[in-house]
Structures are given as C-alpha cells and as structure tokens.
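S.K.: okay, here's the prediction I keep looking at, along with the sequence it came from:
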Amino acid sequence: MSLTFRRHINSYTDLQQEELTRIERDGERDGEANLPEPTVDDYVGLMLTKLTTARGDWNRYCSGFAAKEDELRASIDEIDQGLRADIPSEIASLQAKRQEDADLFDRKEGARSASYEKIESALQSSKRDFDRLRAELGRPVVTHFEKIYIPFLAFLAVAEVPINRNAFELQFQDSNVVVLLLALAVGSILVFFAHSIGKLFKETNSGSSQSNMKKYLGIGFLSITSLVLMYFLAGMRQAVANLEDGGGGVGTFDSITSGTGIDMLSESVLTPLGSSGISLLVLNIVVFVAGALASFYRHDSHPYYEQVTKRFEMAKDQIFKKKNTIEERLHRIQSDFNEKMSAVRARESNLNKDLSQAKNELGELRQAKKDDFSSLINAVDRILLSYQSGNKKMRTEPAPRFFAKSHKSKIKHFIEGTE
C-alpha cells in the first residue's frame with residue numbers, strides 16, 4: 001500500500017533529539033527575555049508557530065489520505081458491482097444460452113424432432129407387430145447361421161461354375177467368357193431355386209392348409225423346373241462328351257445362330273446320359289440339396305416372424321443410437337457450459353480476494369491514520385515541552401500559567417480545527 005502522503009508528517013513520526021535540543025535552545029533564548037509574558041494564557045510566538053505548522057502538515061496529510069481512501073473505496077465499489085451485478089448477469093446469460101442450445105437441439109435433432117418421432121413411431125409399430133406374433137406363436141424366432149448363410153449361397157453359386165461350364169462348350173467353345181458367365185448364371189438360378197424351396201418347405205410347418213397348398217405347389221413347380229434344368233445341363237454335358245469320344249468337333253459360338261447348331265442343341269437334350277452326364281446331374285443335385293437344406297435351417301417357420309423381429313431389433317438399435325447421439329450432444333452442451341462457468345467462478349473468486357484485500361487495505365489505512373495522528377500529537381507535545389523546559393530555565397519572571405497544564409488535549413483540538 002503506497003502511503004506517499006505520510007511524508008508530510010515524517011518529521012514528527014521520526015522526531016530526532018537534535019530537533020528537540022534546538023527547540024530547547026529557542027526556549028532558552030525566549031526565556032532570557034521573559035517571553036512569553038507571565039500574563040499570557042495561550043500559545044504565542046514559537047509555540048504557536050509550531051502548532052500552526054503541525055496543523056498545516058496534518059491538513060496536507062489528510063488531503064493525501066482522502067485521495068487514497070477515495071481510490072480504495074472506488075476500487076471496492078467497482079469490485080462489489082462486479083460481484084453483485086456483473087457476475088450474476090454473466091451466470092444467468094450462460095444458463096440461458098445453455099437452455100437455448102439444449103432446446104434448439106431438442107427441437108431439431110433431439111426428442112422433440114421429427115426424425116426422433118419417426119424412429120419412435122417405427123419402434124412402436126414394429127413392437128406391436130412383434131408382440132402380437134410372439135404372443136400368437138408363443139416362442140422366439142428360430143433361425144440358424146444367419147451370418148454365413150449368404151456367403152454359403154454365394155460359394156454354392158461359384159461352385160456351380162466348374163461343374164456346369166463343360167455343358168456349354170457344345171455351343172461356345174470359342175468364348176470362354178460366355179461359358180463362365182452362363183455357368184455362373186445357371187448356378188445362381190439353381191441356388192436361388194434351392195433357397196426358395198427350402199424356405200417354402202420350412203414355412204409349411206406354420207400355416208393353414210390353404211396357404212400350405214400354395215407353398216406345396218410352389219415347391220413342386222420350382223423342383224420340377226430345377227430338375228429339368230439340371231437334366232438339360234447333364235444332356236448337354238453328355239453330348240459334349242460323346243463328340244469328344246467320337247472324335248467330332250465341338251460347336252462354336254456362331255453355330256448357335258445356325259440351323260446346325262440348333263439341331264445339335266436339341267439332339268443333346270435327348271441324348272441318353274452316360275457317366276459324364278450322370279456325374280454332372282448328381283453334382284448339381286448335391287449342390288441343390290445343400291442349398292435347400294441350408295435355406296430350411298436358416299429360416300423361421302413363420303413367413304414374417306423373422307422379418308418382424310429384425311424390423312423390431314433394427315428400430316431398437318436406431319432409437320438406442322439416437323438416444324446416445326442426443327446424450328452426447330447434450331453432454332457437450334453441458335461441458336461447454338461447465339467450462340465457461342468455471343472461468344466465471346474463477347473470476348468471481350479472484351474478485352472476492354481483491355475485495356477482501358481492498359477492504360483490508362482500507363482498514364489498515366484508517367488505522368494508520370489514527371496511529372499517525374497519535375504520533376503527531378505526541379511529537380508536538382514533546383516539542384512544546386522541550387521549548388518550555390529551556391524557557392523556564394532562563395526566565396527571571398514567573399512562567400505563564402498554561403505552561404503547567406497538559407498540552408495534548410489542546411494540541412489535538414488545535415490541529416483538528418475544533419478549538
């Protein structure tokens with residue numbers, strides 16, 4: 001705390017003996033002249049001068065003190081304003097901003113948004129369907145190896161390529177790409193038929209006799225179509241084998257558009273199956289049965305139960321992810337609010353410390369004034385007593401009567417200007 005105004009009374013608070021000795025000699029000099037006169041009842045001469053000087057020094061001290069006190073009080077008022085108005089206003093603004101951000105997010109992407117309501121509606125709808133079927137069937141959905149089913153069908157379709165490619169060499173020897181594509185297409189068709197037959201056969205375990213009749217008709221149609229296709233492929237393979245064994249040439253891609261090629265194609269269908277044709281037929285049947293069995297065990301007996309269950313599970317996953325997204329966003333909003341609030345609270349704490357420090361300084365300043373005033377009164381009293389001591393030693397006439405009185409009370413009133 002800077003107290004430069006105290007320089008005005010340094011000579012009193014740090015009164016030296018040399019100064020008292022000089023004052024005493026001044027008193028001796030006046031005493032030799034019997035001054036002040038015995039009839040005087042108040043301060044005159046050097047004593048009055050010392051009192052007047054002390055009062056002037058104290059007035060200058062008080063002016064500096066008042067300026068410092070005003071500075072501290074202004075600082076206290078400013079800090080107090082920050083604590084009483086600015087900080088609460090900033091906190092209220094942050095709280096309003098947090099609520100505004102949360103409400104805006106809630107309306108656009110949160111629990112009150114159209115997207116959330118759509119997901120919630122889908123969940124409720126799928127849950128009703130699931131609960132109805134679950135209550136009707138009295139069991140959970142029964143499926144097996146869902147994750148490997150599609151890769152397994154793809155493997156079977158690809159496995160059909162080397163099995164059936166030789167069947168198409170009768171007409172497409174010159175185009176291996178066409179042969180491979182046809183073999184893959186036929187393999188995919190057979191695998192799809194096997195998938196459909198296995199699924200339809202499984203669904204006959206849960207259905208009315210009327211709906212089962214439609215399923216049996218579908219199974220019969222797909223089975224006959226598949227067998228005809230497999231036999232056709234076996235006949236084509238046998239025709240190729242017969243031509244190779246008889247030394248005949250195999251047809252070309254262009255021959256499919258010629259009469260000769262068509263005749264060869266029709267004849268291959270009627271060709272009795274030998275070992276080559278039977279082998280291809282057996283391999284196709286094995287692959288077909290494997291696909292049908294896989295489809296049978298893969299699917300639930302109810303045609304819609306798995307679909308309804310998946311839709312319900314998907315809706316639950318969507319609502320779960322949506323809620324997590326909402327919670328994360330709200331957490332970020334809250335974290336941002338907490339971070340800003342921490343900064344505000346830190347400033348508030350610093351302001352409280354500054355306010356406490358400023359009040360302590362003001363208290364210390366006022367106490368210092370009291371101590372300084374007491375030191376000033378004591379110093380002036382010593383000055384007057386030193387003057388009186390020297391004066392009385394040298395006088396030949398009686399000393400004024402006020403010399404015998406205490407000076408402190410009168411000095412105090414004189415300096416304060418209350419006399």
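M.R.: Noted; the coordinates are in hand. Residues are numbered from 1 along each chain as shown.
S.K.: so after the helix or strand of the chain with the lowest mean pLDDT, what's the next helix or strand?
M.R.: Ranked by mean pLDDT, DSSP states H and E, the helix or strand of the chain with the weakest confidence is helix 259-269, at a mean of 52. Downstream of helix 259-269, the first helix or strand assigned by DSSP states H and E is helix 275-298.
S.K.: what's that following helix packed up against?
M.R.: Where contact means 3 or more C-beta pairs under 8 Å, 6 or more residues apart in numbering; DSSP states H and E, helix 275-298 is packed against helix 146-164, helix 176-203, helix 209-246. For glycine as for every other residue, the C-beta is placed from the backbone atoms N, C-alpha and C.
S.K.: return the distance of that helix from the chain's centre.
M.R.: Distance of helix 275-298 from the chain centroid (C-alpha atoms, centre = their mean, to the nearest Å) equals 57 Å.
S.K.: quick one, the following helix or strand past it and helix 176-203 angle?
M.R.: Using DSSP H and E, the helix or strand that follows helix 275-298 towards the C-terminus is helix 305-394. Helix 305-394 runs at 90 degrees relative to helix 176-203, counting by axes from the mean of the first three to the mean of the last three C-alpha atoms, to 10 degrees.
S.K.: would you mind identifying the next helix or strand past helix 305-394?
M.R.: By DSSP H and E, the next helix or strand past helix 305-394 is helix 408-416.
S.K.: quick check: buried residues in that following helix?
M.R.: Counting neighbours by 16 or more other C-beta atoms under 10 Å, one finds that the buried residues in helix 408-416 are Lys410, Ile411, Lys412, Phe414, Ile415.
S.K.: possible to save the helices and strands packed on helix 275-298 as CSV with mean pLDDT?
M.R.: Formatted as CSV, those follow (pLDDT from 0 to 100):
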stretch, mean pLDDT
helix 146-164, 87
helix 176-203, 87
helix 209-246, 82
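S.K.: most tightly packed of those?
M.R.: Using mean count of other C-beta atoms under 10 Å, the stretch among these with the greatest mean number of neighbours is helix 176-203 (a mean of 19).
S.K.: relative to helix 209-246, how tilted is that helix?
M.R.: Using the same axes, to 10 degrees: helix 176-203 against helix 209-246 is 150 degrees.
S.K.: show me what helix 176-203 is packed up against.
M.R.: Packing partners of helix 176-203 (3+ C-beta pairs under 8 Å, 6+ apart): helix 146-164, helix 169-172, helix 209-246, helix 275-298.
S.K.: so which of these is nearest Phe373?
M.R.: Across the helices and strands packed on helix 176-203, Phe373 has its closest neighbour in helix 146-164 (95.0 Å, C-beta to C-beta).
S.K.: now stretch 34-42: mean pLDDT?
M.R.: Across stretch 34-42, the average pLDDT comes to 91.
S.K.: who touches it?
M.R.: Contacts to stretch 34-42, defined as C-beta atoms under 8 Å, 6 or more residues apart in numbering, come from residues 30, 44-45, 47, 391, 395-402.
S.K.: give me the buried positions along it.
M.R.: When burial is assessed from 16+ other C-beta under 10 Å, stretch 34-42 yields the following buried residues: Leu35, Pro36, Val40.
S.K.: again with stretch 321-341
M.R.: Buried-residue list, stretch 321-341, by 16+ other C-beta under 10 Å: Lys322, Ile326, Arg329, Leu330, Ile333, Phe337, Lys340, Met341.
S.K.: just the pLDDT for the last one.
M.R.: Okay, so that is Met341. Listed pLDDT for Met341 reads 94.
S.K.: pull up the distance across stretch 109-116, start to finish.
M.R.: Separation of the first and last residues of stretch 109-116 by C-alpha to C-alpha, to the nearest Å is 7 Å.
S.K.: and it, average pLDDT?
M.R.: Stretch 109-116 shows a mean pLDDT of 88.
S.K.: tell me, how many residues neighbour Glu136?
M.R.: Residues contacting Glu136 under the criterion other C-beta atoms under 10 Å number 10.
S.K.: my bad, should have said Ser342
M.R.: 10.
S.K.: just the pLDDT at the most centrally placed residue in the chain, thanks.
M.R.: The chain has Arg332 as the residue nearest its centroid, 2.7 Å off, counting by C-alpha atoms, centre = their mean. Looking at Arg332, its pLDDT reads 94.
S.K.: Leu170 now?
M.R.: So Leu170 comes in at 62 (pLDDT).
S.K.: how about Val142?
M.R.: 84.
S.K.: can you tell me the closest non-neighbouring residue to it?
M.R.: Asp300 (5.3 Å; C-beta to C-beta, 6 or more residues apart in numbering).
S.K.: give me the phi and psi for Tyr304.
M.R.: Main-chain torsions, Tyr304, degrees, to the nearest 10: phi -120, psi -10.
S.K.: now do Phe145
M.R.: phi 30, psi 50.
S.K.: contacting residues for it?
M.R.: Here Phe145 is in contact with Phe152, Ala294, Tyr297, Arg298 (C-beta under 8 Å, 6+ apart).
S.K.: and it, how far is that from Phe201?
M.R.: 17 Å (C-beta to C-beta, to the nearest Å).
S.K.: likewise Arg345?
M.R.: With distances taken as C-beta to C-beta, Arg345 is found 72 Å from Phe201.
S.K.: Ser125 too?
M.R.: Applying C-beta to C-beta to Ser125 and Phe201 gives a distance of 31 Å.
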